[in-house]
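Need a 3D model of the following:
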Amino acid sequence: MAGSIMSEILVTGATGNVGRRVVDELREAGAAVRALARDPRSAALPDGVGVVGGDLSRPDTLAEALAGIDAVFLIWPFLTTEHAPAVLETMARRAPRVVYVSSSGVDEDAERQTDPINQLHADMERLIEKSGLEWTVLRSDTIASNARGWAEQIRATRVVRGPDIAATAVVHERDVAAVAARALTEGGHGGARYVLTGPQVLSRAEQVQTIGEVIGHPTRFEKVPLEVARRQMLADGRPPALVEALLASAEARPASNLITSTVEELTGAPARTFRSWAEEHADVFR
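Now for the predicted structure:
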């Protein structure tokens, strides 16, 4: 096993589905954890986690959060790299290492990626490589917690209506977090790109059906045309740029049968199934 690096680690996105799991994994590993939050008062993180105010869209607010930090867990929450060079420059002056969550859809040999979200991740990876930081990239497949976005429809009608997207090996956020924690607390991960998947390729229809089986109510997915989905997403209040990026992914992302053993190789435990995720979160959909 790679040597342990016990250090203080800054977690961005610590109030999100993946970031909270990273915080938990790091605390279990005995690492000191600091969380970056726009509003520290509403972060609601466990006792013992230092919460520091800061905003990735304002690099000048990050100095306090990065003081004395040995590594950063980075989730980039924007649809462009506009602020990324300044953020990475600030990190490189204060923290030697970064672990970045990217996408399994990135093709590093392609001049342009299939859709805006994969393009963003490819651009971020290139910037991180040039930053002077020691980096590890986690190319994650579709994260299971994305299914939380279907909860209201499932509770109300048992039907999820939306644009379809190519089937993918959905990965549990706990597995992404477990790999991240090892990359943050162990040596030997610098310069690595880890592709993280779940154990089974599933379509959206199969994911929805699995949730229905778990909650004991027949549940189905109904594909709608992109224009119908666009109108509904905009009516729901989603930012137009995000809507267009999501729809472009639905339209352009190619099918993939990729399943990796990386989670088990790095954590010692098999990747969790989507069904296990649905069982853990069944009350969200009832």
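
Residue 103 is in contact with residue 124, correct?
No. The criterion here is CB atoms under 8 Å, and residue 124 misses it with residue 103 at 9.7 Å. Just so you know, the C-beta spots here come from the backbone N, C-alpha and C atoms, and that holds for glycine as well.

Going along the chain, name the strands of the protein.
8-11, 32-37, 50-53, 71-74, 97-103, 134-140, 159-162, 168-169, 193-196, 201-202, 220-223 (DSSP state E).

Comparing these, which comes out most buried?
strand 71-74 (a mean of 28; mean count of other CB atoms under 10 Å).

can you list the residues that contact stretch 48-60?
12, 14, 23, 27, 32-40, 43, 45, 61-62, 64-65, 76-78, 83, 86-87, 89-90 (CB atoms under 8 Å, 6 or more residues apart in numbering).

Alpha carbons only: can I get the worst-scoring helix or strand of the chain on mean pLDDT in PDB?
The least trusted helix or strand in the chain, going by mean pLDDT, DSSP states H and E, turns out to be helix 240-252, with a mean of 86. Extracted C-alpha coordinates of helix 240-252, given in PDB (Å, rounded to 0.1, in the frame of the first residue of the first chain):
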ATOM      1  CA  PRO A 240     -30.400  28.400 -19.600                       C
ATOM      2  CA  ALA A 241     -26.700  27.600 -20.000                       C
ATOM      3  CA  LEU A 242     -27.000  24.500 -17.800                       C
ATOM      4  CA  VAL A 243     -30.100  23.400 -19.700                       C
ATOM      5  CA  GLU A 244     -28.300  23.600 -23.100                       C
ATOM      6  CA  ALA A 245     -25.300  21.700 -21.700                       C
ATOM      7  CA  LEU A 246     -27.500  18.900 -20.300                       C
ATOM      8  CA  LEU A 247     -29.500  18.600 -23.500                       C
ATOM      9  CA  ALA A 248     -26.300  18.500 -25.600                       C
ATOM     10  CA  SER A 249     -25.100  15.700 -23.400                       C
ATOM     11  CA  ALA A 250     -28.300  13.800 -23.900                       C
ATOM     12  CA  GLU A 251     -28.100  14.300 -27.700                       C
ATOM     13  CA  ALA A 252     -24.500  13.800 -28.400                       C
END
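
between it and strand 97-103, what angle do the directions make?
With axes from the mean of the first three to the mean of the last three CA atoms, to 10 degrees as the basis, helix 240-252 and strand 97-103 are set at 60 degrees to each other.

May I see the buried residues of helix 240-252?
Residues 243, 245, 246, 247, 248, 249, 250 are the ones in helix 240-252 that count as buried (16 or more other CB atoms under 10 Å).

now the fourth one, nearest residue through space, not along the chain?
Meaning residue 247. residue 226 (5.4 Å; CB to CB, 6 or more residues apart in numbering).

what stretches of the stretch 101-250 of the chain score poorly on pLDDT?
Counting by pLDDT under 70, the stretch 101-250 of the chain shows no low-confidence range.

from memory residue 25 sits against residue 178, does it?
Yes. Counting by CB under 8 Å, residue 25 does reach residue 178; the two are 5.6 Å apart.

Quick check: nearest residue in space to residue 190, chain neighbours excluded?
residue 134 (4.4 Å).

For that neighbour, which residues are in contact?
By CB under 8 Å, 6+ apart, the contact set of residue 134 is 96, 97, 98, 190, 191.

The third one contacts residue 133, correct?
Which is residue 98. Yes. Counting by CB under 8 Å, residue 98 touches residue 133, with 4.7 Å between them.

Overlap of the contact sets of those two?
Jointly contacting residue 98 and residue 133 under the rule CB under 8 Å, 6+ apart are 88, 91.

Show me where the stretch 51-200 of the chain has its helices.
63-66, 84-94, 116-129, 151-157, 173-185 (DSSP state H, counting those that start in this stretch).

Buried deepest among the ones you listed, which one?
Among the helices of the stretch 51-200 of the chain, highest average neighbours (mean count of other CB under 10 Å) belong to helix 173-185, with a mean of 25.

Can you name the residues in contact with it?
By CB under 8 Å, 6+ apart, helix 173-185 touches 2, 4-7, 9, 17-18, 21-22, 24-26, 28-29, 31, 71, 73, 97, 99, 101, 136, 138, 140, 143-145, 189, 192, 194, 196, 198, 262-263, 266-267, 269, 271-272, 277.

Residue 243 touches residue 234, doesn't it?
Yes. Residue 243 is within contact range of residue 234, at 5.9 Å (criterion: CB under 8 Å).

just the buried members of the contacts of helix 173-185?
For those, buried by 16+ other CB under 10 Å: 5, 7, 9, 17-18, 21-22, 24-26, 29, 31, 71, 73, 97, 99, 101, 136, 138, 140, 143-145, 189, 194, 196, 198, 262-263, 266-267, 271-272, 277.
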